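A.B. asks: sharing a sequence plus its predicted fold:
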There are 2 protein chains.
Amino acid sequence: VGKGELTRNAVLDQAARTASEIGLRGVTIGSLADLTHMSKSGLFAHFGSKQSLQLATLRHARDRFVEVVVRPALSTPRGEPRVRALFERWLEWDTSELPGGCLFIAAATEFDDEPGPVRDELVRNQRDLAETIARVFRTGIDEGHFRADADPEQFAFDVKGIWLAFHHFGRLLSDPLAAERAQNAFDVLLDTVRP
Amino acid sequence: VGKGELTRNAVLDQAARTASEIGLRGVTIGSLADLTHMSKSGLFAHFGSKQSLQLATLRHARDRFVEVVVRPALSTPRGEPRVRALFERWLEWDTSELPGGCLFIAAATEFDDEPGPVRDELVRNQRDLAETIARVFRTGIDEGHFRADADPEQFAFDVKGIWLAFHHFGRLLSDPLAAERAQNAFDVLLDTVRP
């Protein structure tokens, strides 16, 4: 890893923190120049435009998400343990990884009505996540932990709902019971899909 | 209703549409002047500041939410029918009321890390909504439709999760099955709280 890549990673780490706290629209060449004490022209040379910077921020955060949530979950035993690991690692991601929680949640509501490359990247990213949940759930059907007629796509919808509610109750409403409620909801959901 | 109030309502209707599509941060004296063809000085005289305008937008949308979601639901029979009415009217609100769906969802992720009057208003508003869900659920316990030991606050968390997932899958992912998945999730949730 050369110096250029270290700098790029440091800038994108800051961009991810900014996107998490004030939203992806707050990630601009100007705001990042202020926050990283780099020159605008230097950042422009690295990233080219606000939109390229926002896309690079999403891809950078996605790599990190795969590293701290998806990959460790996929290394746990197939079936319910893997489903639980994925669920719990996401809660940890939303709680501890970034100062304002999961940046994809904020970006999703910012860009859902704005066609373009940023929205396209978010859609790909969040469809992949839903498919990952469904795929992990299927390992639980194969292992006999879940009913053969349970619907993996419905399960992905349900899990995302719990995550979104956790973010909403924890971040906006400062509900000290948010994590407990998310865990309860997940346990009840698993009960509904057991054989 | 005088002319001033009609004008004010028309401006706030537009502000709610803008907040729904591009977020509450996009609601400014300048953007509303452009969209409503009113003078900035006229809007400034009405609303005083961007923040006052944003607060007025949230209160205006809240009044409308009470009118089209909460009040009709509260006029249905107590218990499960009322819980279902509240659930379904919210889906309709997110689908049809505004061009970008529920503006509170977008505003919540925009302002959850920004202390101040706008965040305070959102917190009050969303806590009231969670309490309304819990209160309506309690009528179902009283009527014997739901288990006496079911937790109304947990139910409110779960219902909000389904709504947030509906918004996410419908708005961002353009999933044609979003409404069906939300209804399935709600039916399964009701099954878990029956006596």
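C.D. replies: Perfect, I can see it now.
A.B. asks: and A:Ser31, how far from chain B?
C.D. replies: Applying C-beta to the nearest C-beta, to the nearest Å, the value for A:Ser31 to chain B is 14 Å. The way it works is simple: take the backbone N, C-alpha and C, and place the C-beta from them, glycine included.
A.B. asks: give the full set of residues in contact with that residue.
C.D. replies: Counting by C-beta atoms under 8 Å, 6 or more residues apart in numbering or on different chains, A:Ser31 makes contact with A:Thr18.
A.B. asks: name the SS class of it, please.
C.D. replies: Of the three states, A:Ser31 takes helix under DSSP: H, G, I helix; E, B strand; the rest coil.
A.B. asks: could you check the pLDDT of it?
C.D. replies: Note for A:Ser31: predicted pLDDT of 95.
A.B. asks: ditto for the one 10 residues further on
C.D. replies: The score at A:Ser41 is 94. That number is its pLDDT.
A.B. asks: list the buried residues in whichever strand or helix holds it.
C.D. replies: Here A:Ser41, judged by DSSP states H and E, is contained in helix A:40-47. Within helix A:40-47, the residues that qualify as buried by neighbour count (16 or more other C-beta atoms under 10 Å in any protein chain shown) are A:43, A:46-47.
A.B. asks: who's in contact with it?
C.D. replies: With C-beta under 8 Å, 6+ apart, helix A:40-47 has contacts from A:7-8, A:11, A:29-30, A:32-33, A:36, A:53, A:56.
A.B. asks: quick one, phi psi at A:Pro77?
C.D. replies: Main-chain torsions, A:Pro77, degrees, to the nearest 10: phi -60, psi 140.
A.B. asks: that one: neighbour count?
C.D. replies: 10 (other C-beta atoms under 10 Å in any protein chain shown).
A.B. asks: may I ask you to name the longest helix in chain A?
C.D. replies: helix A:117-142 (DSSP state H).
A.B. asks: now do that one: which elements does it pack against?
C.D. replies: With contacts defined as 3 or more C-beta pairs under 8 Å, 6 or more residues apart in numbering or on different chains; DSSP states H and E, helix A:117-142 has these neighbours: helix A:50-65, helix A:80-92, helix A:103-111, helix A:152-167.
A.B. asks: need the ones you listed in CSV (columns: mean pLDDT and mean neighbour count).
C.D. replies: Putting those into CSV (pLDDT from 0 to 100; neighbours: other C-beta atoms under 10 Å in any protein chain shown) gives the following:
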stretch, mean pLDDT, mean neighbour count
helix A:50-65, 97, 19
helix A:80-92, 98, 19
helix A:103-111, 94, 26
helix A:152-167, 98, 24
